[in-house]
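[1] Predicted model follows, preceded by the sequence.
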Amino acid sequence: MADFNKVGVLILRGDRLLLCRKNRDTSRLILPGGRIEAGESDLDCLTRELREELGAVALGNVEYVGTYEDRAALDDPAIVKTLRIALYRGDLVGTPTPASEITEIVWFGPDSDVSALTPIFVNRILPDLLSRGILPWRTRRDPESLRGSR
């Protein structure tokens, strides 16, 4: 069982993917989403987390993408914890603005620097999204070459 269980959402605009930088825990870019609270469904969690992280926005056309597990991105590399993310894809309704938990919103593209991404995103999520054609990137990056790079 994973040490941390979260729900995340994949939001695309053209060939750009919405990622966030939190003001605590880590300086890496993360997917919008978070931990499920007692009694919440995955979609309830996403609704709450989007409000907390991106302001007054809503999510439409939600569909399940997959569940991914890898090591968590922690500030202390000596601490090893696992993270499981149930990932959904959806359309953002409204204009996202960094809210209380977020310092920056980044529209990440095919030529963006992957070193800012979390291990689970580089090792598991990004290769899967590229190999399945979910991300519309024509890129020089081979999805297999990303695995194990973190």
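    Happy to help now that I have it.
[2] so what's the spatially most central residue of the chain up against?
    Nearest to the mean C-alpha position of the chain, by C-alpha atoms, centre = their mean, lies residue 31 at 2.1 Å. Listed by C-beta atoms under 8 Å, 6 or more residues apart in numbering, the contact partners of residue 31 are 8, 9, 10, 19, 20, 85, 87, 121, 125. Placement of C-beta: from N, CA and C, glycine included.
[3] Can you add neighbour count and give those residues back as CSV?
    What follows is the contacts of residue 31, written out as CSV (neighbours: other C-beta atoms under 10 Å):
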residue, neighbour count
8, 24
9, 26
10, 20
19, 22
20, 22
85, 25
87, 24
121, 28
125, 24
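[4] Pick the one among the residues you listed closest to residue 55.
    residue 20 (11.7 Å; C-beta to C-beta).
[5] Give the closest residue to the closest one in space, chain neighbours not counted.
    Nearest residue to residue 20 in three dimensions, chain neighbours excluded: residue 102, at 4.7 Å (C-beta to C-beta, 6 or more residues apart in numbering).
[6] Quick check: phi and psi at the residue of the chain most remote from its centre.
    What lies farthest from the middle of the chain is residue 78; by C-alpha atoms, centre = their mean that is 23.2 Å. Residue 78 adopts backbone torsions of phi -80, psi -20, taken as degrees, to the nearest 10.
[7] Report pLDDT for it.
    Here, the pLDDT recorded for residue 78 equals 76.
[8] Adjust the sequence numbering to begin at 4 for everything that follows.
    Okay, residue one is now 4; in that scheme the one you just asked about reads as residue 81.
[9] Residue 6 versus that one, what's the distance?
    15 Å (C-beta to C-beta, to the nearest Å).
[10] cool, residue 14 as well?
    26 Å.
[11] The two: which has the busier surroundings?
    residue 14 (22 against 13; other C-beta atoms under 10 Å).
[12] Give me the three-state assignment for the closest residue to the more buried one other than its chain neighbours.
    Leaving aside its sequence neighbours, residue 14 sits nearest to residue 21 (C-beta to C-beta, 6+ apart; 4.1 Å). Following DSSP: H, G, I helix; E, B strand; the rest coil, residue 21 is assigned to strand.
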